[in-house]
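Colleague: The following comprises the amino acid sequence and a computationally predicted model.
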Amino acid sequence: MNQTVPTDSLVLVTGANGFVGRAVTTALQQAGYRVRTLVRHTSMPEGIEEVCGDINDADAVALAVQGTDVVIHLAARKSDECDSALVNTEGARLLVECCKKNGIRRIINVSTQSVRLRKLGIYGQTKLVAEKIFAQSGLPMITLRPSVVYDDHGGGIFSTIFSFLKLPVVPMIGNGAIHFRPIHRDDLAAIIVQALSKGSGDVMYDVGGPDSVSLMELTCELQGRLGIQKRILKIPLPIAMCIARMTAWMPKPPVTVSNVLGATEDLTMNIDPMLRDFGMTPRSMTAGLDAILTRVAEEQKRQEATAILRYAFSTFGNWQPSAVEIDRYREALVVNGIESHPLDESVIQKRWLLGACDAVASQSSMLRKKILIASAIGECSPSTADFTLPKNTSVLRIIVVSMHMTLRAAAKKMVGLLLTLFSPSFIRRNAGR
Amino acid sequence: MQDAEVIIIGSGPAGVQAATVLIAAGRSVMMIDGGKKAPALPQAPDANFEDVRRNNQDQARWFLGDDLSGIPVSGLTGGLGGGQVSGNRANVVSGAREQLPITEENCQIIQSLAEGGLGAAWGAACAVPEESELTAMGLNAKDMQRHFDAVINDIGVSGPQIRGGIQPALPPDLHASLALETYKKKQVSFEKKHISVMQPLSAILTQDNDDRRASNLADMEYWSDPRRSVYRPQYTLEKLRSSHSFTYKGDLIVERIVSDTEGCTVHARRMSGGTESYRAKRVILAAGAVGSARIALQSVGLYDTPLPFAAKPHVFSACMHPATLGKTGPKSRSSLCQLLILDDNVLSGVRSGCAQLYSYRSLMLFRLLGSQPLAYPEAMKILSMLTPSLVIADIRFPAFGDNGSVSLVRTKDGDSLRITCRVPDAERDARKHSWQRLKQGLRMLGMLPLRNMELPEGSASHYGGTLPMQGTNRILTTDARGKLRGLEHVSVADASVFPMLPAVPHTLTLMANARRIAEAVTEDL
Ligand SMILES: Cc1cc2nc3c(=O)[nH]c(=O)nc-3n(C[C@H](O)[C@H](O)[C@H](O)COP(=O)(O)OP(=O)(O)OC[C@H]3O[C@@H](n4cnc5c(N)ncnc54)[C@H](O)[C@@H]3O)c2cc1C
């Protein structure tokens, strides 16, 4: 079929700015390829060539394709949008034309499992048409059909699940029993890079992770690991479909018709050819989840550290701790053996809640210790010198400020006491121990 | 075979002074010591506290220590001392609890295995006690004068010119100068109440001396001292080490001394494992009043028999000084003790109380958070305005041998030193009265005691009286020349020999006496 591509070739990536695109450009660079990107706005890191323009902009696409050996096509509209057809199918058509003129050695088209559904949404339809355009072009092609893609940062499918887990009840389209094979975006990127140099094999691959899981299983697993116990609200498919249609006009609808259709049909994927031809096994769901949760926990700890440090100096204005102070604070938590008692997310997000908890916390509580540590760390930084060092001032000012502060502390205490009354468990969790 | 003519146990203020005298007299000395060293750090900033706060990116290293252990997360135990024996000075107390087990009853004892002992953390406040106090300590005031002169000359002491050899006093800070003015104006009423106020002597240089330099009034004494202005026993140890007749053995815990007709064998355990023994004609115990008592008890194998113990009691009065509200005062200052307020009313022949006054400025706000009722952010704001007007009076009373006891006990984990403090009621009352008088004195000086804290017995880290100089023949007491009864060829050079401790700081006296004892040992050799 194809001729292989030498590793110093110039590779064009469309949609380089997207979730998968960013991982792909990095992987290409690491593999030694020269990378050119077609992006709508300049945004690429150092060392990556950029052509600015839309996938429907003939001049830009022609310019981008000129002189390249390979094209990796990632640019697409993912949800059902009014210009989905324009971007997904017309974009493909334009790209194919330009490629033909330039004698491209290989095109990697990153499609989707959605094209295999019996009932297609706009996304599936347009991507399927695009696949056909590429297939009929006669150009050397490899088409990859990935399942859902995820990442350590909680991007992709997991951002959705995490944001759902924050709601009072966790919504679920249908019964959540449809299976898919989530794949880490770095693994997908690696497969895409492998696809460039692959000598022989198929022209079309199902791409997915080693584990076949359902949304329900994933949600339960995550709930278990995060220690959350929320009710799952199954939204019957017809109702979900109604919501999708009714909210289609919104710029960011909560659910699209394609989402609903995707939750209707169980697709059996065959990843054996992928495993055979790409010489790599994507990481397991467990490994992926571990990494994500570590990231999430790390992110939460940083947020908590920042919130507490800022809180400790909140009477001095808007002080921002630097990375040094945040790291030092966290180190001090470890030194004192109190790093494993996280605060509720709401307390981290809302300063007044933190204040109320502080005001009713006992001297020996974990929270007070954390705030004391934050005060110490913050006070030992040049950035707080201006306001914590003594200044010549008037006695009147000292009296007024002291009264103001005392009242402020009293108000916090009031709120804290009210909270203790209404939600003793919340106070116990955050201000107790 | 003999390792040295004299073995000295301990490198604290007592040990190094005794060694200095013996080396000067041409004797060979081996010093056996716990010897924990301070962490090796880059050169400390030689800048004013405010400039360090404003500019030094690494300031947490000095204020909290590289290990961040200077954050008082588990409470401010030991008062001011808490800050001085954590962070970069954590070595002063580290390992001591594990290596030297104690069982405390009604008290809190600080032990050290550091190079320099507790002197590696001390606040350098000095005093020459009055004649009556020296007598109560078992000393002859006249005899002691030349030893005081020698120590003052050796370590460098500044302060009021009450005798020769003292360097000019540190300039008093805003609190101290206002208070001294008031004192001068109202001297008559102070005299009526038998209260006197003065600048203290301090073991800090105000004039260069060899390789140590005069204080630049950077207000950083509690955190770093790159000029070595404040005396530390380690500096003397450095000098001793350059002498051929001096050997230093660190990492050792002395367990027992065995005496025979020729001399003594000192049995020690390496902290890193193994045992070692050394021989000398004479041994000088300078392991601190608690440490020396332990070694003496272990050597004679005396269990469950209490020795007397005097731990100097202390209380804190945190005061507002309204006259200074809103005024930061001069930036160049020292954070050491600014003033002594003495309760000259006599109790059992000695002055009944002494307040050491410290200005809070450079001691960091966060240290105060735990001892006030408000939420911390509000407290930080108020404190940032009030600390320049905040004065801490660290008040101490005399301590007597009957205030407590030390005995060696067997526990399931091996031998332990049981230390008990039981203060007789009459004495408790006397302290209360003295505290009242001193608070009154503070008010007369224009300082309002806001918060009064009684601290656990023993937390002032001034101990003595365990092996007292007495006329009796009782075992484990000492004669006037410091020779220990019941253990041949052993003398005691630290505060163990003082039957009582005066209210004023006594480490200067302890060092002077160590020189006296060392002289006696030299004569006997
Ligand atoms: C924070 C603080 C501030 C202070 N401020 C003042 C002040 O301002 N003014 C003042 O007069 N005093 C002050 N003091 C008290 C002063 O430090 C002590 O009085 C003085 O250090 C006692 O000296 P020493 O030589 O008797 O014993 P230490 O200093 O206790 O030294 C004992 C030595 O013996 C060694 N040792 C102990 N046991 C053994 C063993 N079994 N084997 C081997 N070696 C052993 C240790 O390693 C150590 O080196 C302060 C103390 C502290 C902690």
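Modeller: In hand now; what should we look at?

Colleague: Make sure residue A:366 is actually in contact with residue A:337.
Modeller: No - counting by C-beta atoms under 8 Å, residue A:366 stays clear of residue A:337, with 10.3 Å between them. To be clear about C-beta, it is placed using only N, CA and C from the backbone, and glycine gets the same treatment.

Colleague: In terms of packing, which of those two has more residues around it?
Modeller: It is residue A:366, of residue A:366 and residue A:337, that has more neighbours when counted by other C-beta atoms under 10 Å in any protein chain shown, with 20 against 9.

Colleague: per-residue confidence at that one?
Modeller: pLDDT, residue A:366: 91.

Colleague: Could you find the closest non-adjacent residue to residue A:319?
Modeller: Counting by C-beta to C-beta, 6 or more residues apart in numbering or on different chains, the nearest residue to residue A:319 once its immediate chain neighbours are dropped is residue A:313, at 4.2 Å.

Colleague: can you check residue B:360 too?
Modeller: That would be residue B:390: by C-beta to C-beta, 6+ apart, it lies 4.1 Å from residue B:360.

Colleague: and that neighbour, what does it touch?
Modeller: B:318, B:319, B:320, B:321, B:359, B:360, B:383 (C-beta atoms under 8 Å, 6 or more residues apart in numbering or on different chains).

Colleague: Ramachandran angles for it?
Modeller: Phi and psi for residue B:390, reported as degrees, to the nearest 10, are phi -100, psi 130.

Colleague: quick revisit: and which of the contacts of residue B:390 is nearest chain A?
Modeller: Chain A has its nearest neighbour among those in residue B:383, at 8.7 Å by C-beta to the nearest C-beta.

Colleague: quick one: residue B:410 is in a helix?
Modeller: No - going by DSSP: H, G, I helix; E, B strand; the rest coil, the assignment for residue B:410 is strand, not a helix.

Colleague: Pull the number of nearby residues for it.
Modeller: Residue B:410, neighbours per other C-beta under 10 Å, totals 10.

Colleague: Show the pLDDT at the closest residue to it other than its chain neighbours.
Modeller: Distances taken as C-beta to C-beta, 6+ apart put residue B:303 closest to residue B:410, at 6.3 Å, once the chain neighbours are dropped. Listed pLDDT for residue B:303 reads 97.

Colleague: again, but for residue B:79
Modeller: 42.

Colleague: cool, the one 3 residues further on as well?
Modeller: What the model reports as pLDDT for residue B:82 is 61.

Colleague: Kindly report the same for residue A:148.
Modeller: pLDDT at residue A:148 comes out at 89.

Colleague: In contact with it, which residues?
Modeller: A:156, A:157, A:180, A:181, A:182, A:183.

Colleague: what's the answer for residue A:177, then?
Modeller: Per C-beta under 8 Å, 6+ apart, neighbours of residue A:177: A:214, A:215, A:216, A:266.

Colleague: Which among these count as buried?
Modeller: Among the contacts of residue A:177, those buried by neighbour count (16 or more other C-beta atoms under 10 Å in any protein chain shown) are A:214, A:215, A:216.

Colleague: List the ones among these that fall in helices.
Modeller: Using DSSP state H, the members of these that fall within helices are A:215, A:216.

Colleague: CSV please, covering the buried ones among the contacts of residue A:177 and showing distance to residue A:70 and pLDDT.
Modeller: Below are the buried ones among the contacts of residue A:177 laid out as CSV (distance: C-beta to C-beta, whole Å; pLDDT from 0 to 100):
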residue, distance to residue A:70, pLDDT
A:214, 36, 91
A:215, 35, 88
A:216, 40, 90
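
Colleague: Which one of the buried ones among the contacts of residue A:177 is nearest to residue A:149?
Modeller: For the buried ones among the contacts of residue A:177, the minimum distance to residue A:149 (C-beta to C-beta) is 14.7 Å, reached by residue A:215.

Colleague: What ranges does the stretch 251-400 of chain A have for its helices?
Modeller: A:257-262, A:272-278, A:285-312, A:323-335, A:345-349, A:351-360, A:366-379, A:385-388, A:395-422 (DSSP state H, counting those that start in this stretch).

Colleague: Quick check: closest non-adjacent residue to residue B:451.
Modeller: Residue B:451 sits nearest to residue B:318 (C-beta to C-beta, 6+ apart), 4.4 Å away.

Colleague: And the one you found, how far from residue B:359?
Modeller: To residue B:359, residue B:318 is 12 Å away according to C-beta to C-beta, to the nearest Å.

Colleague: So between these two, which is more surrounded?
Modeller: residue B:359 (28 against 19).

Colleague: Quick check, pLDDT for the more buried one.
Modeller: 92.

Colleague: thinking it is in contact with residue B:170, fair?
Modeller: No - Residue B:359 is beyond contact range of residue B:170, at 11.9 Å (criterion: C-beta under 8 Å).

Colleague: Walking through the stretch 51-200 of chain A, point out its helices one by one.
Modeller: Going by DSSP H, counting those that start in this stretch, the stretch 51-200 of chain A shows helices at A:58-65, A:84-85, A:91-102, A:122-136, A:157-165, A:185-197.

Colleague: Burial-wise, tell me which of those comes out on top.
Modeller: helix A:185-197 (a mean of 22; mean count of other C-beta atoms under 10 Å in any protein chain shown).

Colleague: Dump it to PDB, keeping only the CA atoms.
Modeller: Presented in PDB, the C-alpha positions along helix A:185-197 are these (Å, rounded to 0.1, in the frame of the first residue of the first chain):
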ATOM      1  CA  ARG A 185      -4.600  10.800  24.500                       C
ATOM      2  CA  ASP A 186      -0.900  10.200  24.800                       C
ATOM      3  CA  ASP A 187      -1.500   6.600  23.700                       C
ATOM      4  CA  LEU A 188      -3.600   7.700  20.800                       C
ATOM      5  CA  ALA A 189      -0.900  10.200  19.800                       C
ATOM      6  CA  ALA A 190       1.700   7.500  19.900                       C
ATOM      7  CA  ILE A 191      -0.500   5.300  17.700                       C
ATOM      8  CA  ILE A 192      -0.900   8.200  15.200                       C
ATOM      9  CA  VAL A 193       2.900   8.700  15.100                       C
ATOM     10  CA  GLN A 194       3.300   5.000  14.600                       C
ATOM     11  CA  ALA A 195       0.900   5.200  11.800                       C
ATOM     12  CA  LEU A 196       3.300   7.400   9.900                       C
ATOM     13  CA  SER A 197       6.100   5.000   9.700                       C
END
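
Colleague: Pairing partners for the helix or strand following it, with directions?
Modeller: Note on helix A:185-197: by DSSP states H and E, the next helix or strand toward the C-terminus is strand A:204-207. Applying DSSP bridges, strand A:204-207 is found paired with strand A:141-146 (parallel).

Colleague: Relative to the whole chain's centre, how far out is the strand it pairs with?
Modeller: 23 Å (C-alpha atoms, centre = their mean, to the nearest Å).

Colleague: Which one of the contacts of residue A:148 sits in the busiest neighbourhood?
Modeller: Going by other C-beta under 10 Å, residue A:183 tops these with 29 neighbours.

Colleague: how close does that residue get to residue B:508?
Modeller: Here residue A:183 is placed at a distance of 76 Å from residue B:508 (C-beta to C-beta).

Colleague: How about residue B:326?
Modeller: Distance from residue B:326 to residue B:508, by C-beta to C-beta: 37 Å.

Colleague: between these two, which one's more packed in?
Modeller: The residue with more neighbours, out of residue B:326 and residue B:508, is residue B:508; 24 against 18, by other C-beta under 10 Å.

Colleague: Stretch A:382-389 close to chain B?
Modeller: Yes - using C-beta under 8 Å from any C-beta of the partner chain, stretch A:382-389 reaches chain B at A:382, A:385, A:386, A:387, A:388, A:389.

Colleague: got the end-to-end distance for that stretch?
Modeller: 10 Å (C-alpha to C-alpha, to the nearest Å).

Colleague: Fine, thanks again, bye for now.
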